[in-house]
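> Dropping a prediction and its sequence here:
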Amino acid sequence: MAADVIAQARQAGRTQLTEIEAKELIRAAGIPTTAIRLATTRKEAVERSREIGFPVVLKVVSPDVVHKSDVGGVKVGLNSAAAVERAFGDIMASVKLHQPQAKVMGVSVQTMARPGLEVIVGTSKDAQFGPVIMFGLGGILVEVLKDVSFRIVPIERRDARQMIHELKGFPLLQGYRGQEPANIPMLEDLLLKVSAFVDQRPEIKEMDLNPVFAYKDGLVAVDARVVLES
């Protein structure tokens with residue numbers, strides 16, 4: 001399945017996977033994600049929403065749009081067919097306004113995940129050391145907080161545990177001031193799965209799972225980005 005997703009992108013001449021493709025790829029690695037469907041029209045968006053079940057999230061699908069929120073390409077908490085229809089039109093108009101040259105394939109219709117503590121898992125290739133894996137506090141503030149740790153791939157469980165404990169924000173994962181704690185063993189498993197996956201797939205240049213919502217009883221990757229070697 002993973003090979004099929006990568007091959008399809010290659011045949012289309014793309015190195016940047018769509019979020020739909022990226023989530024299909026990471027599901028093959030055993031990483032939980034939100035349910036996701038492609039819709040190319042308002043009617044399809046409504047149909048996909050009913051299949052998945054309200055509330056839903058709509059996001060623009062375009063290999064040219066990296067930061068979807070910055071161009072008005074994300075609508076969340078949509079509870080009805082009418083809301084989905086409006087959101088579809090708003091997304092298309094906003095993306096055309098902000099990035100008129102972008103090739104838009106449609107929108108993804110996704111499950112509205114229960115909010116949780118946001119973390120990020122990323123991989124990239126270092127010129128000297130090869131694939132490296134990153135873990136940190138995620139969401140839109142990741143570039144501001146810069147609370148992250150790194151290891152060379154592949155990692156073992158003790159490495160995953162150390163990466164998590166090294167964060168300045170580790171108390172947040174423990175349930176700071178009564179907040180729901182994250183399941184640390186499941187976060188360790190997530191890091192191990194990502195490490196093993198990119199170690200076995202040298203064609204993957206970069207991977208970002210951000211945010212991943214971490215709960216006391218599980219986790220789910222809400223957004224995913226994958227870039228292939230050119």
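Sure, I can see it.
> in the strand ranked longest in the chain, what counts as buried?
Longest strand in the chain, counting residues (DSSP state E): strand 204-215. Residues of strand 204-215 classed as buried: 204-215 (neighbour count, 16 or more other C-beta atoms under 10 Å). Every residue, glycine included, has its C-beta placed from N, CA and C.
> ok now it, how far from the chain's centre?
The chain centre lies 5 Å from the centre of strand 204-215; the measure is C-alpha atoms, centre = their mean, to the nearest Å.
> and of the buried residues of strand 204-215, the nearest to Asn79?
Phe213 (19.6 Å; C-beta to C-beta).
> gap between Ala102 and Leu167?
35 Å (C-beta to C-beta, to the nearest Å).
> I'd like the next helix or strand past the worst-scoring helix or strand of the chain on mean pLDDT.
Sorting the helices and strands of the chain by mean pLDDT, DSSP states H and E puts helix 142-145 at the bottom, at a mean of 68. Counting by DSSP states H and E, the element after helix 142-145 in chain order, helix or strand, is strand 148-152.
> Would you check the distance separating that next one from the middle of the chain?
19 Å.
> follow-up on the earlier one: which two of the buried residues of strand 204-215 have the greatest separation?
Lys205 and Tyr215, at 30.2 Å, using C-beta to C-beta across the buried residues of strand 204-215.
> Spit out the contact partners of the residue nearest to Gly175 when sequence neighbours are not counted.
Leaving aside its sequence neighbours, Gly175 sits nearest to Pro181 (C-beta to C-beta, 6 or more residues apart in numbering; 3.3 Å). Listed by C-beta atoms under 8 Å, 6 or more residues apart in numbering, the contact set of Pro181 reads 173-175, 216.
> Need the residues that contact stretch 24-38.
By C-beta under 8 Å, 6+ apart, stretch 24-38 touches 1-2, 5-6, 17, 19-20, 23, 44, 48, 51-52, 57, 61, 105-111, 113, 190, 193-194, 196-197, 207, 209, 218-222, 224, 226.
> rerun at 6 Å
1-2, 5, 20, 23, 48, 52, 106, 108-111, 113, 193, 197, 220-222, 224, 226 (C-beta atoms under 6 Å, 6 or more residues apart in numbering).
> got it, and stretch 77-92?
So stretch 77-92 is contacted by 42, 45-46, 49, 54-56, 58, 60, 73, 75, 107 (C-beta under 6 Å, 6+ apart).
> For this protein, which segments count as helices?
In the chain, the segments counted as helices under DSSP state H are 2-11, 19-28, 42-52, 81-98, 142-145, 157-165, 170-173, 184-200.
> Could you list the buried residues of the second one?
Meaning helix 19-28. So helix 19-28, judged by 16+ other C-beta under 10 Å, has buried residues 19-27.
> What is the nearest of those residues to Arg151?
Ile26 (18.9 Å).
> Pairing partners for the longest strand of the chain, with directions?
strand 117-126 (antiparallel), strand 218-221 (antiparallel), strand 224-228 (antiparallel) (DSSP bridges).
> buried residues in the last one?
Neighbour counts using 16+ other C-beta under 10 Å place 224-228 of strand 224-228 among the buried residues.
> Thanks a lot, catch you later.
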